[in-house]
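Asks: My questions are about this predicted structure, shown below with the sequence.
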Number of protein chains: 2
Amino acid sequence: MTQIRIVVADDHPVVRDGVVGVLRAQGFEVVGQAGDGAQALALVEELEPDVLVLDLRMPGTGGVEVIERLRALESRTGVLVLTTFDTDSDVVAAIEAGATGYLLKDAPTPDLVEAVRATAAGETVLSPAVATRLASRLRSPGPTAQLSPREREVLTLVARGTTNRAIAASLFVSEATVKTHLGHIFDKLGVTDRAAAVARAYDRGILG
Amino acid sequence: MTQIRIVVADDHPVVRDGVVGVLRAQGFEVVGQAGDGAQALALVEELEPDVLVLDLRMPGTGGVEVIERLRALESRTGVLVLTTFDTDSDVVAAIEAGATGYLLKDAPTPDLVEAVRATAAGETVLSPAVATRLASRLRSPGPTAQLSPREREVLTLVARGTTNRAIAASLFVSEATVKTHLGHIFDKLGVTDRAAAVARAYDRGILG
DNA sequence: CGTCGCATCAACCGATCGACTGATGCCCAC
DNA sequence: GTGGGCATCAGTCGATCGGTTGATGCGACG
């Protein structure tokens, strides 16, 4: 079979070297490395590799944006997300954007190798932890809801200790509006007060 | 000069391989690898390397505990913390426990190499981001204060949306006591309400 | 032995919050 | 063109919160 060609994108040099080393040792052909999203995009467009191993958290152009743009370009490169975090927002955003696979960095090396192979073949691979998270997301449609931009804006201010009145002033709306937003936020997050809402938001990666 | 002997401890196989690869390529002698704190301790005791490259966040025995035990054993091995996170609590705990150096994983490879060399020589090396954090900590003694165990307990319940009265019942104290604790928490975190306190606690790694 | 941090409690008060009900305008998708 | 999500607003009400001041007992540290 033809050798699988790979581009690795991660802003951590150490991690990048590690992934590259592991993949090369397994006989894959690593044709390019990127330290941020923009480089990754350019490399993939130029080299058209079979697989892009991608970290989500990168300075500048983030991983999710990279995936979206690749999909927009109808790239045939499979995207294997390899990241440290498994917060709801990250996972869901990546999968929705069109990631082919999602692996956590604490995955054993053989799993990584197998995931790359599967990604090249167009198969979807998910870390057990990620799969569990997605499954639980499907099970409970209630707390699944995403916050609207305005709601996130309100919640961000709440997390800073801003009072409803001050939030209203800050956003140029009435206090009643702020309260309504907060009520919706509480519903969506399944909590009953602002302190808990902030905590849930952090847990889910909405804030932080 | 004699070759520098190193043990690498990280629960992420990919990262571990990366660090090991980089260090070996630079001519260091990696004499052992560990995937958790207990293994790391055992290896350091047995092999007495010059440097232990240590991830803080590991399952079971965490990095900070490893450092503390090594210091208790009067080990002469230098500890270079190499981790993804730079939250206040992590950094401070590691330094206080006796870490020789503290580097973030997004450090360039040459910096890592140099840091290992410095650590072996007993010098303290800090990531710029970490150094900044420490400096700002010294500058502002106010928000430096750590929360007492009881205060953390209260704050944890607050983050769950628990009401003061319910917290009081849960901890078998009066509501007045809870309020007093909360007042101290607000002072220490430099905030004025519970929502902001929760947010700050997450930012500092106290919660989460 | 004095001091300091921690944990505990009291009582008061004004400000704020969150629940509830009900309503309007907008824009997009089906 | 009808429904649905989003953003906007109103008004009321009881519950709660947060700030304040003051006080006690305890252990640690010097």
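Replies: In hand now; what should we look at?

Asks: Spell out which residues of chain A are next to chain B.
Replies: Counting by Cβ under 8 Å from any Cβ of the partner chain, the residues of chain A lying close to chain B are A:11-19, A:21-22, A:82, A:84, A:105-109, A:112, A:158-163, A:191-199, A:202-203, A:207-208. Every C-beta, even on glycine, is put in place using the N, C-alpha and C of the backbone.

Asks: From those residues, pick out the ones that also neighbour DNA strand C.
Replies: When contact is defined as Cβ under 7 Å from any atom of the strand, the residues of chain A next to chain B meet DNA strand C at A:163, A:192-195.

Asks: quick one on the thing from earlier: looking at the residues of chain A next to chain B, which are in strands?
Replies: Members of those lying in strands (criterion: DSSP state E): A:Leu82.

Asks: Which of the residues of chain A next to chain B are buried, as a PyMOL select command?
Replies: Under the burial definition 16 or more other Cβ atoms under 10 Å in any protein chain shown, those of the residues of chain A next to chain B that qualify are selected in PyMOL by:
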select buried, chain A and resi 11+12+13+14+15+16+17+18+19+21+22+82+84+105+106+107+109+112+158+159+160+161+162+191+193+194+195+196+197+198+199+202+203+207
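
Asks: Chain A against DNA strand C: which residues are in contact?
Replies: Counting by Cβ under 7 Å from any atom of the strand, the positions of chain A adjacent to DNA strand C are A:163-165, A:175, A:179-180, A:182-183, A:186, A:192-195.

Asks: can the longest helix seen in chain A be found next to DNA strand D?
Replies: Assignment by DSSP state H gives helix A:175-189 as the longest helix of chain A. Yes: on the criterion Cβ under 7 Å from any atom of the strand, helix A:175-189 is in touch with DNA strand D at A:176-177, A:179-181.

Asks: which one among those residues gets closest to A:Val44?
Replies: A:His181 (39.3 Å; Cβ to Cβ).

Asks: Centroid-nearest residue for chain A?
Replies: Closest to where the C-alpha atoms of chain A average out (Cα atoms, centre = their mean) is A:Asp90, at 2.9 Å.

Asks: now the helix or strand hosting that residue: mean pLDDT?
Replies: A:Asp90 belongs to helix A:88-97 when elements are defined using DSSP states H and E. The average pLDDT within helix A:88-97 is 70.

Asks: among the helices and strands of chain A, which one scores worst on average pLDDT?
Replies: helix A:128-139 (a mean of 59; mean pLDDT, DSSP states H and E).

Asks: residues contacting the closest residue in space to A:Arg24 that isn't next to it in sequence?
Replies: Closest residue to A:Arg24 apart from its sequence neighbours, by Cβ to Cβ, 6 or more residues apart in numbering or on different chains: A:Val30 at 5.7 Å. Counting by Cβ atoms under 8 Å, 6 or more residues apart in numbering or on different chains, A:Val30 touches A:6-8, A:20, A:23-24.

Asks: Show the contacting residues for the closest residue to chain B within chain A.
Replies: For chain A and chain B, the shortest gap (Cβ to the nearest Cβ) falls at A:Gly18, measuring 2.0 Å. Residues near A:Gly18 by Cβ under 8 Å, 6+ apart: B:14-19, B:21.

Asks: which one among the residues you listed gets closest to B:Arg117?
Replies: The closest of these to B:Arg117 turns out to be B:Val19 (Cβ to Cβ; 14.3 Å).

Asks: Number of residues surrounding A:Gly122?
Replies: By other Cβ atoms under 10 Å in any protein chain shown, 10 other residues sit near A:Gly122.

Asks: and what of A:Gly183?
Replies: 10.

Asks: For the residue lying closest to A:Asp55 once chain neighbours are set aside, what are phi and psi?
Replies: Of all residues not flanking A:Asp55 in the chain, A:Asp10 sits nearest, at 4.0 Å (Cβ to Cβ, 6+ apart). Dihedral angles of A:Asp10 (phi, psi; degrees, to the nearest 10) stand at phi -160, psi 140.

Asks: Distance check, A:Asp10 against B:Asp106.
Replies: Relative to B:Asp106, A:Asp10 is positioned 9 Å away (Cβ to Cβ, to the nearest Å).

Asks: contact partners of the longest helix of chain A?
Replies: So helix A:175-189 is in contact with A:143, A:145-148, A:150-151, A:154-155, A:158, A:164-165, A:167-168, A:171, A:192-194, A:196-197, A:200-201, going by Cβ under 8 Å, 6+ apart.

Asks: Stretch A:63-77 too?
Replies: Contacts of stretch A:63-77 with the rest of the structure, by Cβ under 8 Å, 6+ apart, involve A:7, A:9, A:37, A:40-41, A:44-45, A:48-52, A:54-57, A:79, A:81, A:83, A:90, A:93-94, A:97-99.
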